[in-house]
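**Student:** Predicted model, plus sequence, below.
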Amino acid sequence: MSSPVRFEVEAAGHLGHVFASRRTPGTAAGPAVVLVHGIGASHRYLERLHGLLAKSVDTYSIDLPGFGATPRPEHTLSVAEHATYILGALEQLGVLEFVVVGHSMGTQFAVEAARQQPKRIPHVVLMGPVVNDQRRTVAQQALALARDCLFFESPSSNALVFTDYLRCGPSWYLKNLRLMMNYHLEERIGGVAADVLVLRGEHDPVAPTDWCHRLASRAATARFVEIAGTGHVVQHNRAVEVAGSILAFAQGLPAGRETPREFTA
């Protein structure tokens, strides 16, 4: 599989990057999958998952405006504006229907996109969703993230996340952190018509099991999958299992709890 092609796409007045892996027409095994990063991050920690999904389906990873190597907008975009960018960018690339997969704060963008244009998004995958409704302070979230990095992440996942945080910069990160903390995913998910998959790593302190179950219970139709032996950045450390769960979900098949592990750091 060749490397994804990067497209610089302006949508809704903002500039971002879309990394596309398109299969030969007629050879894809299911609907296109769109991967959306979380706060401070970029497509880089989604690359392993992207590569595995691209073996079966058209796959797109997005660097939202102001993240990765994209230019910073003049103002901090709201969750709704990020969702509008995602929908507009994919429409420009001819992707009119897709499975949206968000990680961490990306789950907020995914839910908002599904609410804005439900006919385009039949399936939503929420990996390590935030913000836990019983730990709504910045201090609690910071402590959970610190525990995750110290005890449950691989050196490679930590390196990807922290170098992207450096590129993001503290000012832009904090501005987006306020948005993340003020978005109540547990309330917004009730307005999603799509089927929902809530997915977490077994040891993820940012998205604990009870929070994920509460979130799934508020969706119209949802299932829950837990991937053994990893933390918050589950899509990097257990890319094989996550890809299998996403493809099974999108195709309406049972999703197993665990498959053979690859990509260990």
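**Tutor:** Perfect, thanks for sending it.
**Student:** Where does pLDDT dip in the chain?
**Tutor:** By pLDDT under 70, the weakly predicted segments of the chain are 1, 26, 28, 254-265.
**Student:** Now do the contacts for the residue most central in space within the chain.
**Tutor:** What sits nearest the mean C-alpha location of the chain, by CA atoms, centre = their mean, is Gly102, with 2.0 Å. By CB atoms under 8 Å, 6 or more residues apart in numbering, the contact list for Gly102 reads Val36, Gly38, Gln108, Phe109, Ala110, Val111, Val124, Val125, Leu126, Met127, Pro129. Just so you know, the C-beta spots here come from the backbone N, C-alpha and C atoms, and that holds for glycine as well.
**Student:** Which ones among those residues lie within helices?
**Tutor:** Gln108, Phe109, Ala110, Val111 (DSSP state H).
**Student:** what sits against the closest residue to Phe152 other than its chain neighbours?
**Tutor:** Nearest-residue entry for Phe152: Gly231, 2.9 Å, with adjacent residues in sequence omitted and distances by CB to CB, 6 or more residues apart in numbering. By CB under 8 Å, 6+ apart, the contact list for Gly231 reads Asp148, Phe151, Phe152, Glu153, Gly201, His203, Asp204, Pro205, Asn237.
**Student:** Quick one: classify Gly231 as helix, strand or coil.
**Tutor:** coil (DSSP: H, G, I helix; E, B strand; the rest coil).
**Student:** what ranges do the helices span in this protein?
**Tutor:** Under DSSP H, the chain gives helices at 47-53, 79-92, 106-116, 138-151, 155-168, 170-182, 185-188, 209-218, 234-237, 239-250.
**Student:** which one of these lies closest to Gly13?
**Tutor:** Counting by CB to CB, Gly13 lies closest to helix 79-92 out of the helices of the chain; the figure is 8.9 Å.
**Student:** Which strands or helices does the closest one pack on?
**Tutor:** Under the contact criterion of 3 or more CB pairs under 8 Å, 6 or more residues apart in numbering; DSSP states H and E, helix 79-92 touches strand 5-11, strand 14-21, strand 32-36, strand 59-63, helix 106-116.
**Student:** what angle do the longest one and strand 59-63 make?
**Tutor:** If I follow you right, that is helix 106-116. Following axes from the mean of the first three to the mean of the last three CA atoms, to 10 degrees, one obtains 110 degrees for the angle between helix 106-116 and strand 59-63.
**Student:** which residues are in contact with helix 106-116?
**Tutor:** Contacting residues not belonging to helix 106-116 are listed as 36-38, 64, 79-80, 82-84, 86-87, 100-102, 121, 124-130, 180, 183, 185, 188-189, 191-194 [CB under 8 Å, 6+ apart].
**Student:** Also the fourth one?
**Tutor:** The contact list for strand 59-63 (CB under 8 Å, 6+ apart) reads 4, 16-21, 32-37, 42-43, 46-47, 50, 53, 69-70, 86, 89-90, 93, 95, 98.
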